[in-house]
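Colleague: sharing a model that was predicted from the sequence below.
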Amino acid sequence: MNIGSITLENNLFVAPMAGVTDRPFRTLCKKLGAGYAVSEMVTSKRELWNSLKTSRRADHTGESGPIAVQIAGTDPAEMADAARYNMDRGAQIIDINMGCPAKKVCQKWAGSALMQDEKLALEIIEAVVAACAPRHVPVTLKMRTGWCQQVRNAPVIALAAQNAGVAMLTVHGRTREQGYHGQAEYDTIAQIKAAVSIPVVANGDIDSPAKARFVLEKTKADALMVGRAAQGRPWIFREISHFLETGHLLPAPATLDICQWMTEHLHEHYALYGEHTGVRSARKHIGWLVHRLPGGQAFRQTLNPLESTQAQVSALQSYLTGLAQTYPLWPDSTAHKATEPSTTSSTGHDSTMISRLAA
């Protein structure tokens, strides 16, 4: 599929998740079957662009394209400037955040809070599209179904966004009021898909190959976006891809392959964050990986006190190579989810750690 003039490898996307989808994680997901990945959100506040956290998010050194950056804010002129700032640093697609439900973001009237003010939302969309047009950079929009159960206005905003020049829409099947609780619903996404001519991406509770097929059939969406289910299971993209293409479930990956993937990921992670921050921020990725594994909880207790990157990598490699002796194939895979799913989520992972908009 295409976003504007940009052709993607496939229709499986990594959701932008603050504190998670940094450059190393996006690279890992693309390696394991994702066709597209969106960055963590970058604030539109100019005075914060020189902060260490924002500068890391705007660093795309060595990243394979297309490079997509999500921006967040409440002022049309600031959002337009943020688009230019990120295009100057390599962004090939600009994504507008109207989907984040975090209180720290919504209290600033950014993220999904913008869905309460359709006039302001449209002004932001128009300003960002105008800023990107001279460079022929497509603009996309990620949003929720609405602010609350009583106000599901995503179809209205979707049509306005299309008319303003947005190239693609991503819809998470929950309201802001739901956060990440309850069940994602897909009827609103299907309604939007039927009403617009630009590509529509379905997001929310896609946690297995069978669920992916169910959501595609239910919504008729052009693509799927996976978020929390990729935490600790980034190979879910290749599992979904294989199932959609063949109708058959891909065998679980080899445990030693996962050991190699994670080792490479950790070294890229440390290169971005450095020793002190890297060893600490990597703990969540390792924690998600071993969450359900035999001896995983005990291993985490051993891992967390470690202070050096070398010790952290060595500990993970020792644990996984030992695991491989009993489980040559990964013992916690989505492959067992062969039946058509209900609409409930079964990811079982912790909620995404949301960073401050000002970061």
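Modeller: Good, I have the coordinates.
Colleague: now the closest residue to T145 other than its chain neighbours, what's its secondary structure?
Modeller: Distances taken as CB to CB, 6 or more residues apart in numbering put T188 closest to T145, at 4.3 Å, once the chain neighbours are dropped. C-beta: built from backbone N, CA, C; applies to glycine. Using DSSP: H, G, I helix; E, B strand; the rest coil, the secondary structure recorded for T188 is helix.
Colleague: where's T188 relative to A167, distance?
Modeller: Counting by CB to CB, to the nearest Å, the gap from T188 to A167 is 20 Å.
Colleague: equivalent analysis for E123, please.
Modeller: Taking CB to CB, one finds E123 at 18 Å from A167.
Colleague: C-terminal to the top helix by length along the chain, what's the next element?
Modeller: In terms of residue count, the longest helix belonging to the chain (DSSP state H) is helix 255-290. Downstream of helix 255-290, the first helix or strand assigned by DSSP states H and E is helix 296-303.
Colleague: next secondary structure after that next one?
Modeller: helix 309-326.
Colleague: helices and strands around that following helix, which ones?
Modeller: Here helix 309-326 touches helix 255-290, helix 296-303, going by 3 or more CB pairs under 8 Å, 6 or more residues apart in numbering; DSSP states H and E.
Colleague: what pLDDT, on average, does that helix get?
Modeller: Mean pLDDT, helix 309-326: 97.
Colleague: list the buried residues of that helix.
Modeller: T309, Q312, V313, L316, Q317, Y319, L320, L323, A324 (16 or more other CB atoms under 10 Å).
Colleague: the first one is in contact with S281, isn't it?
Modeller: This means T309. No: T309 is beyond contact range of S281, at 11.1 Å (criterion: CB atoms under 8 Å).
Colleague: before we move on, what SS does T61 have?
Modeller: T61 ends up coil, using three-state DSSP.
Colleague: could you do the one 4 residues further on as well?
Modeller: Reducing the assignment to helix, strand or coil with three-state DSSP, the entry for G65 is coil.
Colleague: how about the closest residue to it other than its chain neighbours, what does it touch?
Modeller: Spatial nearest neighbour of G65, chain neighbours left out: Q92 (5.8 Å); criterion: CB to CB, 6+ apart. Taking CB atoms under 8 Å, 6 or more residues apart in numbering, we find Q92 in contact with I6, G65, P66, I67, A68, V137.
Colleague: from those residues, which two are the most distant?
Modeller: Spatial extent of these (CB to CB) is set by the pair G65 and V137 at 12.1 Å.
Colleague: pull out the buried residues from stretch 176-187.
Modeller: Applying 16+ other CB under 10 Å to stretch 176-187 flags R176, E177, Q178, Y180, A184, E185, Y186 as buried.
Colleague: of these, which is the nearest to W261?
Modeller: Checking those one by one against W261 (CB to CB), the nearest turns out to be Y180, at 26.2 Å.
Colleague: just checking, which helix or strand of the chain averages the lowest pLDDT?
Modeller: helix 103-106 (a mean of 43; mean pLDDT, DSSP states H and E).
Colleague: which element follows that helix toward the C-terminus?
Modeller: helix 118-132.
Colleague: flag every buried residue along that following helix.
Modeller: Result for helix 118-132 [16+ other CB under 10 Å]: buried residues L120, A121, L122, E123, I124, I125, E126, A127, V128, V129, A131, C132.
Colleague: any low-confidence regions in this structure?
Modeller: 99-112, 148, 333-359 (pLDDT under 70).
Colleague: looking at it, which strand is longest?
Modeller: Longest strand in the chain by number of residues, with DSSP state E as the criterion: strand 36-43.
Colleague: could you say what helices and strands that strand packs with?
Modeller: strand 12-14, helix 23-31, helix 52-57, strand 68-72, helix 76-88, strand 93-98.
Colleague: at 7 Å instead, please
Modeller: Packing partners of strand 36-43 (3 or more CB pairs under 7 Å, 6 or more residues apart in numbering; DSSP states H and E): strand 12-14, helix 23-31, helix 52-57, strand 68-72.
Colleague: redo the contacts of Q92 as JSON lines? Include distance to T302 and neighbour count.
Modeller: Formatted as JSON lines, those follow (distance: CB to CB, whole Å; neighbours: other CB atoms under 10 Å):
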{"residue": "I6", "distance to T302": "44", "neighbour count": "18"}
{"residue": "G65", "distance to T302": "39", "neighbour count": "12"}
{"residue": "P66", "distance to T302": "40", "neighbour count": "20"}
{"residue": "I67", "distance to T302": "37", "neighbour count": "19"}
{"residue": "A68", "distance to T302": "37", "neighbour count": "24"}
{"residue": "V137", "distance to T302": "46", "neighbour count": "24"}
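Colleague: mind putting these into TSV with distance to A18?
Modeller: Supplementary listing: those in TSV, determined by distance: CB to CB, whole Å:
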residue	distance to A18
I6	24
G65	22
P66	20
I67	18
A68	15
V137	22
